[in-house]
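A.B. asks: sequence unknown, structure follows:
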């Protein structure tokens, strides 16, 4: 994994997020990050 992608994944983990990096030779790379924004409470 490239150094930049490793840093991106580490920063996501530091925010309690998940980051998925999938790469297929000749087709490109798909990066998905899910960052929790908190709990919304409705009264």
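C.D. replies: Right, received. Where do you want to start? In this text, all values refer to a predicted model and were calculated from it rather than measured experimentally. Residues are numbered from 1 along each chain as shown.
A.B. asks: and the gap between the residue nearest in space to the middle of the chain and residue 28?
C.D. replies: Centroid check for the chain by Cα atoms, centre = their mean gives residue 19 as the closest residue, at 2.3 Å. Using Cβ to Cβ, to the nearest Å, residue 19 is found at 17 Å from residue 28. Where you see a C-beta, it was placed from the backbone N, CA and C, and this is true even at glycine.
A.B. asks: over to residue 3?
C.D. replies: Distance, residue 3 to residue 28, by Cβ to Cβ: 19 Å.
A.B. asks: coming back round to it: please name the bridge partners of the residue nearest to the centre of the chain.
C.D. replies: Beta bridges link residue 19 to residue 33, judged by DSSP bridges.
A.B. asks: ok, it touching residue 32?
C.D. replies: Yes. Between residue 19 and residue 32 there is a contact at 7.1 Å, judged by Cβ atoms under 8 Å.
A.B. asks: quickly find the element holding the closest residue to residue 36 other than its chain neighbours.
C.D. replies: Nearest residue to residue 36 in three dimensions, chain neighbours excluded: residue 16, at 5.8 Å (Cβ to Cβ, 6 or more residues apart in numbering). If you go by DSSP states H and E, residue 16 is not part of any helix or strand.
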